[in-house]
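A.B. asks: Dropping the sequence and predicted coords here.
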Amino acid sequence: MSGRRKFIKKTTLGTIGLGSVFSSLSATEYRLKNIPQSKPVKKPVVISTWKHGLAANAEAWKQLKQGTRALDAIVAGVGVSEADPNVRSVGYGGLPDREGKVTLDACIMDKNSNCGSVSFLQGIKHPIAVAQKVLEKTPHVMLTGEGALQFALEQGFKEENLLTEKSKQSWEKWLEKSKYRPVINIENHDTISMLVLDEEGNLSGGCTTSGAAWKMHGRVGDSPIIGAGLFLDNEVGAAAATGLGEAVIRTAGSAMVVELMRQGKSPFEACKTIVERIYNKHKNHKDMAYLQVGFIAINKNGEHAGYSVRPGFNYAVCDDEQGNRMESAQAKVKKSN
């Protein structure tokens, strides 16, 4: 028998054999038997940036366990930090800009990729709640400045002075030299970002901040920008950023982390890759002297991670297995300046 005939015969027999497999097994049974399955899903999971994330996680977790939907749990959770005058990088008591005004940014995103955002908002303690109203009550994604304030007041929010005496004193001391140079892992504790994988396996996220201390009046960072400070795709995973917002904006940081998870990278690998990209792009940049950026990420299996440019970045994680605790992120640079 010629080589060609042998090949045709073997191919035909192989096809018959494969057909007999499918005749004895349903498509689902064949998939379960022959195709490796993904890892078991761990849910719910709440993850948020920095030590003040512990209190935020605790409130969000309580809300989730009471049956509250994830978006409302995020608003309640990060709202704890927004209302705490001792958390001086978020909401009430946040450090002001160089003119002594506390200006706030926030965004929120749900499992269906619906988004709401506010930037350069003054006088409203809970910008994350206003961002949620933008998502739910308007056809827009972002409102800013006076327009955001007007909308908040129309929605029943109360305008109040957010500059505490402690933050005012810090600003007055800064005025003595009026030198703007962020301090790594001190002033750059400028955000609380929270990601939630709920009981149904759906993702949501939120981010809220008073921004960099002593910034120019009108400056907006990455935190209210979908794709920079926060991004999620409910088929893949979610990511959020903290640190020098300008560097995150330049690289569409959180969106890139999620895209790498789509391509098969773990949350750790995705965060590490984008942090290294940011580091390399800023090697000769004026911001390099105080560059600090960190990401948190979670995928649909509940796997999570964080990674940062420099040491000092940590994040809070809450799940059924280990409860609410802090985890330290690995860093690109091994020693902080």
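C.D. replies: Ah, there it is.
A.B. asks: contacting residues around residue 208?
C.D. replies: 78, 81-82, 90-91, 104-106, 127-128, 131, 191-192, 223 (CB atoms under 8 Å, 6 or more residues apart in numbering). Backbone N, C-alpha and C define where each C-beta goes, glycine included.
A.B. asks: And the residues you listed, which is closest to residue 243?
C.D. replies: The closest of these to residue 243 turns out to be residue 191 (CB to CB; 7.8 Å).
A.B. asks: Can you pull out the low-pLDDT segments for the protein?
C.D. replies: For the chain, the stretches with pLDDT under 70 are 1-39, 181-190, 336-337.
A.B. asks: All the helices of it, in order from the start?
C.D. replies: Using DSSP state H, the helices of the chain run over 3-24, 27-34, 53-65, 70-83, 127-137, 145-154, 165-175, 245-251, 253-262, 267-281.
A.B. asks: and those as JSON lines, adding distance to residue 319?
C.D. replies: Formatted as JSON lines, the helices of the chain follow (distance: least, CB to CB, whole Å):
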{"stretch": "helix 3-24", "distance to residue 319": "40"}
{"stretch": "helix 27-34", "distance to residue 319": "27"}
{"stretch": "helix 53-65", "distance to residue 319": "9"}
{"stretch": "helix 70-83", "distance to residue 319": "14"}
{"stretch": "helix 127-137", "distance to residue 319": "22"}
{"stretch": "helix 145-154", "distance to residue 319": "34"}
{"stretch": "helix 165-175", "distance to residue 319": "34"}
{"stretch": "helix 245-251", "distance to residue 319": "26"}
{"stretch": "helix 253-262", "distance to residue 319": "19"}
{"stretch": "helix 267-281", "distance to residue 319": "14"}
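A.B. asks: that older thread, make a ChimeraX selection of the buried ones in the contacts of residue 208.
C.D. replies: Applied in ChimeraX, the following selects the buried portion of the contacts of residue 208 according to 16 or more other CB atoms under 10 Å:
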select :78,81,82,90,91,104,105,106,127,128,131,191,192,223
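A.B. asks: Now tabulate the contacts of residue 208 in JSON lines and tack on distance to residue 254.
C.D. replies: As requested, those are exported to JSON lines (distance: CB to CB, whole Å):
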{"residue": "78", "distance to residue 254": "16"}
{"residue": "81", "distance to residue 254": "19"}
{"residue": "82", "distance to residue 254": "20"}
{"residue": "90", "distance to residue 254": "18"}
{"residue": "91", "distance to residue 254": "21"}
{"residue": "104", "distance to residue 254": "19"}
{"residue": "105", "distance to residue 254": "14"}
{"residue": "106", "distance to residue 254": "15"}
{"residue": "127", "distance to residue 254": "18"}
{"residue": "128", "distance to residue 254": "16"}
{"residue": "131", "distance to residue 254": "16"}
{"residue": "191", "distance to residue 254": "12"}
{"residue": "192", "distance to residue 254": "15"}
{"residue": "223", "distance to residue 254": "10"}
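A.B. asks: That concludes my questions; thank you for your assistance.
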